[in-house]
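Novice: please find the sequence and the predicted model below.
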Number of protein chains: 2
Amino acid sequence: MGSQERRVREREEIRTKIMDAARELFASQGVEAVSMRKIADAIEYSPTAIYLHFADKDALLQELCAHDFGALARSFADEARIKDPVERIRALGRRFMRFGLKHPNHFRFMFLTPSKAREKIPQKQLEKRGDPEQDGYARLLLSVREALAAGRFRPEFKDEKLVTQTFAAAVNGVVALQIGMGNDPWIDWAPLEKRMETMLDAICRGMTVRDSAKAGRR
Amino acid sequence: MGSQERRVREREEIRTKIMDAARELFASQGVEAVSMRKIADAIEYSPTAIYLHFADKDALLQELCAHDFGALARSFADEARIKDPVERIRALGRRFMRFGLKHPNHFRFMFLTPSKAREKIPQKQLEKRGDPEQDGYARLLLSVREALAAGRFRPEFKDEKLVTQTFAAAVNGVVALQIGMGNDPWIDWAPLEKRMETMLDAICRGMTVRDSAKAGRR
DNA sequence: TTGACAAACTTAACACCGTTAACTAACATG
DNA sequence: CATGTTAGTTAACGGTGTTAAGTTTGTCAA
């Protein structure tokens, strides 16, 4: 009797249909543009139908972002092949910034907006935690640990959490400032690309020791 | 005929009354808690009365934040007495972070939220621009320029805009990450104070040359 | 003193919003 | 075939920012 299976498949289909409609509104016009009624219009259902699939608007957006950020975490795998741990950290930071700037609404919602829904992690999310394949933070932490073990950091930077979180804050800051104030005429901004690279240069230079073997490279 | 003066004074009074009521709601419960009707209740006027004094809600919040951040810019004056420009930059960054963490809602609205209202700067704001007494960014830029002239930065960091904005992004990142994810159980955060100081250490270390005269200081 | 005008403010309403309750149609299963 | 479940609906509640129209109040010139 395949009817049960068909039903869960149909349920899944309408679920992703909702999320796709929400994503389009969200990515192109921001959170405030996403209303249950607009999503419902887009998929030709009544607004309340959405509540049969998602607890509320916040849960919908949370799931949407978590899903899309899974793509980021998985794309970090490309950087895993980089042998030098410090270079790998740089590359991870660069990719993180690019992703954030490409998806500012996702980024804002995930990293810049306090959310009570995120504070109590659902079980499904909790399993991903610490798995480098699905957890970008864990992947960064591992690279930091490796670089630390290889003696690549200055002696005053010896706490792996602190180093990881400082690096994360640095790249996060570039993205956050661009999203929040990039269009602000108050400030005469340097080119975005330069700001990104300068941050990577500065923060890496600040925390790592000079690798004498590569000293003449640049 | 002092009646005209009295009227502008009364106008000013109710204006600040509105802003005070708004500030209380805003600071304690966030943007979404600030509704025109709640403000109106608090000051015992009808909701629409607010529109006689502010164009709309965004303009109100914008003015509120601009006003409160004036306090920050002016408080930067305390750091002006620090002779060493690099130490002064560090102190400015520290104060900026503390302020942001103390007023997260203001911070979010000012630095982390794109605003069309901010894009077209009113004349009154434009005058403050560049005046170190009222413009925190300008003050930071001046210190960077001074340090640059004194040869305190590494040769690869010679663009004052780039250095200033990278430093700003770094300290901004610490605050933004704490506001957005500080309560997120996903990450095992290091103590906030340490994250702040580590960022200052890392970014300054990364951009400045080692001052041999002070090398043994720490 | 009175009439006219302007400013300050209010009430009523519009068009949205997220969300809940109650109802209905379709359908798999005993 | 009856029954209960499921997916969907409509109607409604209480909230939002904001506008339009009407009202009160105070000022000032004739």
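Specialist: Structure's in. What do you need? Numbering: from 1, shown residues only, chains lettered A, B, ... in the order given.

Novice: helices along chain A, start to end?
Specialist: Ranges of helices in chain A, per DSSP state H, are A:3-29, A:36-43, A:57-75, A:85-102, A:104-107, A:116-119, A:123-128, A:136-149, A:160-181, A:192-207.

Novice: report all helices and strands that the last one contacts.
Specialist: Identification of packing neighbours for helix A:192-207 by 3 or more Cβ pairs under 8 Å, 6 or more residues apart in numbering or on different chains; DSSP states H and E yields helix A:85-102, helix A:160-181, helix B:160-181, helix B:192-207. In this view, the C-beta of every residue, glycine as well, is placed from N, C-alpha and C.

Novice: and chain A, which residues reach DNA strand C?
Specialist: Chain A has residues A:1, A:3-4, A:7, A:34-38, A:47-48, A:51, A:56-58 near DNA strand C, with proximity defined as Cβ under 7 Å from any atom of the strand.

Novice: and with 10 Å instead?
Specialist: With Cβ under 10 Å from any atom of the strand as the criterion, chain A meets DNA strand C at residues A:1-7, A:22, A:25, A:31-41, A:46-52, A:54-61, A:117.

Novice: of those residues, buried ones?
Specialist: Buried subset of those (neighbour count, 16 or more other Cβ atoms under 10 Å in any protein chain shown): A:Ala22, A:Leu25, A:Val34, A:Met36, A:Ile39, A:Ala40, A:Ile50, A:Phe54, A:Lys57, A:Leu60, A:Leu61.

Novice: turn those residues into JSON lines, columns for distance to B:Arg95.
Specialist: What follows is these, written out as JSON lines (distance: Cβ to Cβ, whole Å):
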{"residue": "A:Ala22", "distance to B:Arg95": "40"}
{"residue": "A:Leu25", "distance to B:Arg95": "40"}
{"residue": "A:Val34", "distance to B:Arg95": "37"}
{"residue": "A:Met36", "distance to B:Arg95": "43"}
{"residue": "A:Ile39", "distance to B:Arg95": "44"}
{"residue": "A:Ala40", "distance to B:Arg95": "48"}
{"residue": "A:Ile50", "distance to B:Arg95": "46"}
{"residue": "A:Phe54", "distance to B:Arg95": "43"}
{"residue": "A:Lys57", "distance to B:Arg95": "38"}
{"residue": "A:Leu60", "distance to B:Arg95": "39"}
{"residue": "A:Leu61", "distance to B:Arg95": "34"}
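
Novice: list just the nearest of these to B:Lys194.
Specialist: Top of the list for closeness to B:Lys194, among these and by Cβ to Cβ, is A:Leu61 at 32.2 Å.

Novice: skipping its backbone neighbours, what lies nearest the most centrally placed residue in chain A in space?
Specialist: Closest residue to the average C-alpha location of chain A: A:Phe69 at 5.1 Å, with Cα atoms, centre = their mean. Spatial nearest neighbour of A:Phe69, chain neighbours left out: A:Met110 (6.0 Å); criterion: Cβ to Cβ, 6 or more residues apart in numbering or on different chains.

Novice: wait, that neighbour touches A:Leu64, no?
Specialist: No - assessed by Cβ atoms under 8 Å, A:Met110 is found out of contact with A:Leu64, at 10.0 Å.

Novice: distance of the residue of chain A found nearest chain B relative to B:Gly70?
Specialist: Distance from chain B to each residue of chain A (Cβ to the nearest Cβ) is smallest for A:Gly173, at 2.3 Å. Here the criterion is Cβ to Cβ, to the nearest Å. By it, A:Gly173 lies 23 Å from B:Gly70.

Novice: ok, those two, which is more surrounded?
Specialist: Comparing A:Gly173 with B:Gly70 by neighbour count (other Cβ atoms under 10 Å in any protein chain shown), the higher total belongs to A:Gly173, at 28 against 15.

Novice: now do the contacts for that one.
Specialist: A:Met199, B:Ala168, B:Ala169, B:Ala170, B:Val171, B:Asn172, B:Gly173, B:Val174, B:Ala176, B:Leu177 (Cβ atoms under 8 Å, 6 or more residues apart in numbering or on different chains).

Novice: what about 7 Å?
Specialist: B:Ala169, B:Ala170, B:Asn172, B:Gly173, B:Ala176 (Cβ atoms under 7 Å, 6 or more residues apart in numbering or on different chains).

Novice: show me which pair in the residues you listed is furthest apart.
Specialist: B:Ala170 and B:Ala176 (10.8 Å).

Novice: A:Leu72 - nearest residue in space that isn't next to it in sequence?
Specialist: A:Phe99 (5.0 Å).

Novice: what sits closest to A:Ala21 if chain neighbours are left out?
Specialist: A:Ala21 sits nearest to A:Ala42 (Cβ to Cβ, 6+ apart), 4.0 Å away.

Novice: pretty sure that neighbour is in contact with A:Met19, am I right?
Specialist: No - counting by Cβ atoms under 7 Å, A:Met19 is not a contact partner of A:Ala42; they are 11.4 Å apart.

Novice: of the two, which one has the most company?
Specialist: Applying other Cβ under 10 Å to A:Ala42 and A:Met19 shows that A:Met19 carries more neighbours, namely 20 against 15.
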